[in-house]
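Trainee: Below is the sequence, then the predicted model.
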Amino acid sequence: MTTVPADAESVTGSTVAVVRRGLAAIPEIRDGLALTIVLALLGGVGRLAVPVLIQQLIDRGLSTGHIDAGQLLRLGALAAVAVLGTALVNWAGLLRLAVASERALFGLRVRAFVHVHRLSVAYHSAETRGKLVSRVTSDVETLSQFLQWGGIAWVVNGAIMLAALAGMAYYDIWLTLVTVALTVPLLVLIRVLAGRLGAAYSAVRGRVADLLTVTSETIQGAAVVRAYGITAPSLRRTAATIHRWRDAKTRAGYLGGVLLSLADLFAVIIVVGVVAVGLAIGPSTGHSAGELVAFILLVTLFLAPIAEFTQVIDFTQNAVAGWRRVLALLDIVEDVAEPVDGRQLPAGPPAVVVENVSFGYPDAGTTLTDVSFEVPAGRQVVLVGATGSGKTTLTKLIARLADPDRGRILIGGVDVREVATESLRSRLVVVPQEPFLFDTTVEENVRYGRPSATRAEIEHAFHELGAGAFLANLPGGLDTPVGQRGESLSAGERQLVALARAHLADPACLILDEATSAVDPRIELTLVEALRRLTAGRTSVTVAHRLAAAERADEVIVLDDGRLVERGRHDELVAAGGVYAGLYHSWRRATVDGAVA
Ligand SMILES: Nc1ncnc2c1ncn2[C@@H]1O[C@H](COP(=O)(O)OP(=O)(O)OP(=O)(O)O)[C@@H](O)[C@H]1O
């Protein structure tokens, strides 16, 4: 794999180089390609047969002074067979191409999707999400027309042009040279315009990605947009992105149109030129009427692929622009690589050791600096610190959603980089700050924790966490739909569903990022109890925003600006009067004391 910077949006290189790499990335397209090319070439040869048959028809059937009906019928029947056969062969070739290209696109989409999932969280910033979506969807779609016809058209049209040239040369070498001389300026123009069209399509792909990013962000943030009354600026931003996309598309459309019209115009000029030269040379050429008609038909056959090429260039440049972006995505080196012969985590709750860990997001400063601490097996440690101090980032490193730049993390005595992903994911579960719920029922959302779980086991998970009453109060119980991203539930209810999901997975080690959002007191009590039961007997690292969790923890780790500044039990840290004591007192004032006052 070529290493490119993580933010490179398109691979560079000539069109031919990109097409070659692109085709290598979709091996499915090669299945039966030889037969498809043979069928397409047969279709091309069929087209050549028609001018020759017409020449024979004129010279043998019509020009001999009397009409030879039998000859006419035989030649007519042959022409009909040639036309029908050509149509059938073309249909079979196109069908094979359509099936192969859909299979190839499916394969490419899946590979791109899997690759996106293997990239570390460092790459999954909100800004890149729309761009990643556009690569897996619309960028891949640009290949469709190229694969279904455009790619093979280069081979078939090239063959038709060569065959037509050979036929023309057979009838008259000088008129053939005239045709070629008149065609050269058109080919030069096409080459220049094709380069510009390529750049125009690359711009279109970039604007499509911007558009997807802005629209998905605006739709997801609709509530914020309305709440702050910023509909107009938000609309202006979306409209500006749409305008840029429209301008880029218009330019590509304009260039494509110029290319197509030029080919049509030149086709007329070339035919007129050939006829004019033919007339100027006069009857001295000694050609029969049929031969002259066949020659003109061959000239049009020679020119038709050029007109088609202009369209094929359109497909090709569009596909190359998409390919550049999809290949750039596949080129991003998986920084969280699956280890070769990955190790299994030992049985039972593991100890977690964070050893001299430093980390920074791409294009951002250092987020964590030389952090070290350990969580003994089966103990509960709480991470505390001001907002932006690096707590969530540290939990992502423990869960190996990204790897540290320096230092290492050991789980059960094994460096997480050496643990088989499947073992890590089955033994360690992360409950993020904003748990993600899918647009389905409570039951199905919890089942993500263990896909084989029965309905009774899912219900049991709620009861074991002390959330049976919560479940009973849901309008449809386990069948309650949660809405998109779980929006039909309150923040606290979403967290309870996420905790039940984690409990069902039955991990030995838990990483919990407490939600920052306030929840109503009844749910708060259920949540605190569920958390207590969930972490009991398991090794856990909890990011605590509400310091009640810190009061109960075996140890509190305090981060400040990415550094570990204090550690110890809650009482000791409060008594020490340092950073933690400051955080704790201000939390007390804002919550417990505030509520009492
Ligand atoms: N994907 C990202 N790309 C770049 N910088 C990031 C990314 N995620 C977090 N950061 C930055 O890293 C720093 C630490 O963020 P982190 O979310 O780990 O802090 P935190 O202590 O968990 O904050 P909070 O209490 O608000 O959740 C912040 O300055 C943040 O802006």
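Mentor: Thanks, I have it.
Trainee: Could you measure from the closest residue to residue 168 other than its chain neighbours over to residue 274?
Mentor: Spatial nearest neighbour of residue 168, excluding adjacent residues (CB to CB, 6 or more residues apart in numbering): residue 176 at 4.3 Å. (Glycine included, C-beta is placed from N, CA and C.) Counting by CB to CB, to the nearest Å, the separation of residue 176 from residue 274 is 9 Å.
Trainee: Need the residues touching each of those two.
Mentor: Counting by CB atoms under 8 Å, 6 or more residues apart in numbering, residue 176 and residue 274 have no contacts in common.
Trainee: Can I take it that the residue nearest to residue 168 is in a helix?
Mentor: Yes: the assignment for residue 176 by DSSP: H, G, I helix; E, B strand; the rest coil puts it in a helix.
Trainee: Next up, the contacts around it.
Mentor: Listed by CB under 8 Å, 6+ apart, the contact partners of residue 176 are 165, 168-169.
Trainee: Just those: which are in helices?
Mentor: With helices defined by DSSP state H, the entries of the contacts of residue 176 inside them are 165, 168-169.
Trainee: Looking at those residues, which one is closest to the ligand?
Mentor: Minimum distance to the ligand across these is 58.7 Å, recorded for residue 165 (CB to the nearest ligand atom).
Trainee: Contacts for the helix or strand containing residue 50, please.
Mentor: Per DSSP states H and E, residue 50 falls inside helix 33-56. By CB under 8 Å, 6+ apart, the residues outside helix 33-56 that reach it are 75, 78-79, 82-83, 85-86, 89-90, 92-93, 96-97, 100, 152, 155-157, 159-160, 163-164, 167, 288, 290-291, 293-294, 297-298, 301.
Trainee: and with 7 Å instead?
Mentor: With contact meaning CB atoms under 7 Å, 6 or more residues apart in numbering, helix 33-56 is reached by 75, 78-79, 82-83, 85-86, 89-90, 92-93, 96-97, 152, 155-156, 159-160, 163-164, 167, 290-291, 293-294, 297-298, 301.
Trainee: Quick one: buried ones out of the residues you listed?
Mentor: By neighbour count, with 16 or more other CB atoms under 10 Å, those hold 75, 79, 82, 86, 89-90, 92-93, 96-97, 152, 156, 159-160, 163-164, 167, 290-291, 293-294, 297-298, 301 as buried.
Trainee: Stretch 137-149: end-to-end distance?
Mentor: 20 Å (CA to CA, to the nearest Å).
Trainee: For the residue nearest in space to the middle of the chain, which non-adjacent residue is spatially closest?
Mentor: Geometric centre of the chain, nearest residue: residue 136, 2.1 Å, by CA atoms, centre = their mean. Nearest non-adjacent residue to residue 136, counting by CB to CB, 6+ apart: residue 112, 4.8 Å away.
Trainee: With residue 28 instead?
Mentor: residue 104 (4.2 Å).
Trainee: And that neighbour, how close does it get to the ligand?
Mentor: Remark: distance between residue 104 and the ligand (CB to the nearest ligand atom, to the nearest Å) = 33 Å.
Trainee: give me the low-pLDDT residue ranges for the stretch 401-550 of the chain?
Mentor: For the stretch 401-550 of the chain, the stretches with pLDDT under 70 are 515-519.
Trainee: so residue 410, which of the three states?
Mentor: Per three-state DSSP, the secondary structure class of residue 410 is strand.
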